[in-house]
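Trainee: One predicted model, sequence on top.
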Amino acid sequence: MSAPIPSLDASRRLQELEMLTRCYARYSRSAGGLGFVLGGVLCLASYLAGGLLPLTLPLRIALMAIPLAWLLAKTGLSRLYYQRYGHVEEQESEAERRRQQRVVVMSLVIALLIVAGLLQMTWPNWKSLIPNGIGYIALVLMIPLAAKFWLRTRLEFIVGTFLFCQAAVVSAGFTYPLPGTAHTLSFSLLSIITLMFPIAALGMIHVGMLDHRRYQQIVARMEQLHSAATGVQ
């Protein structure tokens, strides 16, 4: 006995539900929502606090903890909020996979070059690296690890890289300079380059808010379709 042919309305509902499911799956990987908003806010806070406030011990601890705290919060939001109706993994395209691999390799090479340069500068007195230098090396080496597992979009990578780099230099007793501050004169080029980070942070906040609104619309429509299907049955 052949299976019953679904009605046109039921077929359309199934097609729309399939599309909504693909959109819902984006929040397992590429759509950050409130996790993006939080990352952007923390990036701005780290950038401004590091450049404007005295680098006291509590501030150093806070700035060093920010990148890990953000990754934990972002992961928690993805799993417990944006995937609360069930985990649906977004399918990564081959082009996206290759791009991510290039980013990881590039960040690993840069991290290893930074560590090698630091070791060369302190040779043979490597004991001088304890404890500040060890923290710096550990945080720099965490960047490619974070890029592989958590920083899956360009904005995430830029913001995440800054948070880890800021934490690394703070562990060594420094911060990135801000344009117009008293200690910027000798770091004018660096202060201009680092302006990309707050700009990226603002962009990520905007994208995150759009993602969050879109998620609310997706969930509302999925619930409508489920209610309609249940009513038909």
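Mentor: Good, I have the coordinates. Numbers count the residues shown, from 1 in each chain.
Trainee: what's next to the strand or helix carrying residue 67, contact-wise?
Mentor: Residue 67 is part of helix 57-77 when elements are defined by DSSP states H and E. For helix 57-77, contacts defined as Cβ atoms under 8 Å, 6 or more residues apart in numbering pick out 32-36, 38-39, 42, 45-46, 49-50, 53, 135, 139, 142, 146, 150, 160, 163-164, 166-167, 170-171, 173, 175. Backbone N, C-alpha and C define where each C-beta goes, glycine included.
Trainee: List the buried residues for it?
Mentor: 60, 62-64, 66-67, 70-71, 74, 77 (16 or more other Cβ atoms under 10 Å).
Trainee: same thing with stretch 91-103?
Mentor: 100, 103.
Trainee: Which residues does it contact?
Mentor: 25, 29, 147-148, 151-152, 157.
Trainee: which one of those residues has the most neighbours?
Mentor: residue 151 (26 neighbours; other Cβ atoms under 10 Å).
Trainee: list the contacts for that residue?
Mentor: 103, 157, 160-161.
Trainee: other SSEs contacting whichever helix in the chain runs longest?
Mentor: Counting by DSSP state H, the longest helix found in the chain is helix 196-232. The helices and strands touching helix 196-232, judged by 3 or more Cβ pairs under 8 Å, 6 or more residues apart in numbering; DSSP states H and E, are helix 8-25, helix 34-52, helix 154-171.
Trainee: and residue 29, what are its phi and psi?
Mentor: phi -150, psi -60 (degrees, to the nearest 10).
Trainee: sorry, that was for residue 150
Mentor: Dihedral angles (degrees, to the nearest 10) for residue 150: phi -130, psi -30.
Trainee: Residue 53 too?
Mentor: Here residue 53 shows phi and psi, under degrees, to the nearest 10, equal to phi -100, psi 150.
Trainee: repeat for residue 115
Mentor: Dihedral angles (degrees, to the nearest 10) for residue 115: phi -60, psi -40.
Trainee: quick one: average pLDDT of the host helix or strand of residue 105?
Mentor: Here residue 105 sits within helix 94-122, counting by DSSP H and E. Helix 94-122 carries an average pLDDT of 87.
Trainee: starting at the chain centroid, how far to stretch 90-97?
Mentor: Averaged C-alpha coordinates place stretch 90-97 at 17 Å from its chain's average position (Cα atoms, centre = their mean, to the nearest Å).
Trainee: Between the two ends of that stretch, what distance do you get?
Mentor: Terminal residues of stretch 90-97 lie 12 Å apart, using Cα to Cα, to the nearest Å.
Trainee: just to revisit the earlier point, just the angle between the helix holding residue 105 and helix 154-171, please?
Mentor: Taking axes from the mean of the first three to the mean of the last three Cα atoms, to 10 degrees, helix 94-122 and helix 154-171 form an angle of 10 degrees between their directions.
Trainee: just use 19 as the starting number from now, easier for me
Mentor: Sure thing, new numbering starts at 19, so read that last one as helix 112-140.
Trainee: Mind listing what's buried along the following helix or strand past helix 112-140?
Mentor: As assigned by DSSP H and E, the chain's next helix or strand after helix 112-140 is helix 150-167. Residues of helix 150-167 classed as buried: 151, 153-155, 157-162, 164-166 (neighbour count, 16+ other Cβ under 10 Å).
Trainee: Could you report the neighbour count for residue 187?
Mentor: Around residue 187 there are 16 other residues, counting by other Cβ under 10 Å.
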